[in-house]
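Q: pasting the sequence and the predicted coordinates here, then a few questions.
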Amino acid sequence: MTLNDHRRRIDEVDRELVRLLNRRAQMSIQAVQLKKEASLPLWDDDRERNILQHVQRVNPGPLDGEAVEAIFAAMLGEFHRVIGEKFVETESNVDA
């Protein structure tokens, strides 16, 4: 395998990661919609701690647990931002 072949394979994995991240974000948005309908709090700190613990437990490496936790914490932070923008915008439109 050449370096270019290897880079193409990495690019394929990157495309799949982006697809999965967007799928995960959409699922988070749907969960927040269900929480709103049920009058539940939008954020659940215990759930987020459980997610971070879970991904560390299922991590086979070579990334260590701290790296996986940092990646997922950043991902969850971005989901918070996107969800906040989506629902603040939606609520602003309702008030207009």
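A: Alright, I've got the coordinates. Only a predicted model underlies this, so the values are computations on that prediction, with no experimental measurement involved. Numbering: from 1, shown residues only.

Q: for residue 37, give me its contacts.
A: Listed by CB atoms under 8 Å, 6 or more residues apart in numbering, residue 37 has no contact partners. Bear in mind the C-beta positions are built from the backbone N, C-alpha and C, glycine included.

Q: for the one 4 residues further on, same thing?
A: When contacts are counted by CB under 8 Å, 6+ apart, residue 41 is found next to residue 35.

Q: where's it, which helix or strand?
A: Taking DSSP states H and E as the definition, one finds residue 41 inside no helix or strand.

Q: residue 61 versus that one, what's the distance?
A: 35 Å (CB to CB, to the nearest Å).

Q: got it, and residue 70?
A: For residue 70, the distance to residue 61 equals 15 Å [CB to CB].

Q: look at these two and report which has more neighbours.
A: Between residue 70 and residue 61, counted using other CB atoms under 10 Å, the more crowded position is residue 70 (13 against 8).

Q: retrieve the pLDDT associated with the more buried one.
A: pLDDT, residue 70: 97.

Q: and residue 43, by the same measure?
A: In this prediction residue 43 is given a pLDDT of 88.
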